[in-house]
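Asker: coords please:
(chains A, B, C and D)
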There are 2 protein chains.
Amino acid sequence: MPPWETPSDQLPPVAPVQKLLRALADPVRLEMVRRLAVDPAAEAPCSDLYEGLNKSTATHHFKILVEAGVFHPVMVGPSRGHRLRRTALQKAAPGLLDALMAAMELEG
Amino acid sequence: MPPWETPSDQLPPVAPVQKLLRALADPVRLEMVRRLAVDPAAEAPCSDLYEGLNKSTATHHFKILVEAGVFHPVMVGPSRGHRLRRTALQKAAPGLLDALMAAMELEG
DNA sequence: GGAGAAGTACGATGCACGTCAAACTTGGAG
DNA sequence: CTCCAAGTTTGACGTGCATCGTACTTCTCC
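Answerer: Model prediction:
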């Protein structure tokens, strides 16, 4: 079964804090997360999450975010895409995502 | 004027989120922060913040944390040490430190 | 079925960074 | 003053990782 068909209640666990931080501590990935975080649906096709970047580089970053449990691969219409695992993240690191978004908001 | 005499209201600004995350996304440094975070005084001599690590490596990590605005160099009795800049952090990234500590608590 | 778009897989490359050892600095204790 | 403990500085080394180009897969649409 391809990853984008995995039911939401059987997703792999979110990674430990340390790995989570490493996943978020890259400008490209942080921007990817931000874009999904401000999206009401919290999901978007791959190409909506980056710009001016080689496709293979983008895939690399997606992989890291998925393995950290931040993203979950989904189908968005005809294209592949990713969904932000809000509730899982909130459970594993309560308030972390909110804090990051707030901080990014503060500094523009 | 040596850095440990800088008055608390003239400390350099906390780094932008991205740099903050990079500073925290290392197991050694995260542990250093945790130790100060659980300390009521929020300060300790250098040697209390690490173990089994070369001194120069520790200095290297301290430098990164100071430059990110997480630590502030102070004198702790006769030795040098560091203080966790709680309020500055709370202002720059509200809830971030709490979220991290909570997450670490959750996973033991 | 064929063509093209959208992602993925795989190597290669270059730089950042975590680590250490050794030499230097500084503050206290005797 | 001398010695020692505690940190810092500097230089070297190895690994991890972000990036890219190219080749491959897989989907959609005609």
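Asker: only C-alpha atoms for contact and neighbour calcs from this point on.
Answerer: Noted.
Asker: Please tell me how far the residue nearest to the spatial centre of chain A sits from DNA strand C.
Answerer: Nearest residue to the geometric centre of chain A (C-alpha atoms, centre = their mean): residue A:71, 3.5 Å. Distance of residue A:71 to DNA strand C, computed by C-alpha to the nearest atom of the strand, to the nearest Å: 11 Å.
Asker: And residue A:48, by the same measure?
Answerer: Distance, residue A:48 to DNA strand C, by C-alpha to the nearest atom of the strand: 7 Å.
Asker: okay, now that residue: neighbour count?
Answerer: Neighbours of residue A:48 under the rule other C-alpha atoms under 10 Å in any protein chain shown: 13.
Asker: repeat for residue A:42
Answerer: 17.
Asker: so how many other residues sit close to the closest residue to it other than its chain neighbours?
Answerer: For residue A:42, ignoring the flanking residues on the chain, the nearest one in space by C-alpha to C-alpha, 6 or more residues apart in numbering or on different chains is residue A:36 at 4.9 Å. Neighbourhood size, residue A:36 [other C-alpha under 10 Å]: 21.
Asker: Could you do residue A:70 as well?
Answerer: Residue A:70 has 23 neighbours, counted by other C-alpha under 10 Å.
Asker: residue contacts, it?
Answerer: Counting by C-alpha atoms under 8 Å, 6 or more residues apart in numbering or on different chains, residue A:70 touches A:14, A:20, A:84-86, A:89.
Asker: Quick one: name the residues of chain A near DNA strand C.
Answerer: Listed as neighbours of DNA strand C in chain A under the rule C-alpha under 7 Å from any atom of the strand: A:45-47, A:55-56, A:58-59, A:62, A:79-81.
Asker: Check whether stretch A:75-89 comes near chain B.
Answerer: No - shown here: stretch A:75-89 not in contact with chain B (C-alpha under 8 Å from any C-alpha of the partner chain), separated by at least 10.0 Å.
Asker: how many other residues sit next to residue A:23?
Answerer: Neighbour count for residue A:23, taken as other C-alpha under 10 Å: 25.
Asker: and the gap between the nearest residue to residue A:15 once chain neighbours are set aside and residue B:36?
Answerer: Residue nearest to residue A:15 in three dimensions, not counting chain neighbours: residue A:68, with 4.9 Å by C-alpha to C-alpha, 6+ apart. Per C-alpha to C-alpha, to the nearest Å, residue A:68 is found 26 Å from residue B:36.
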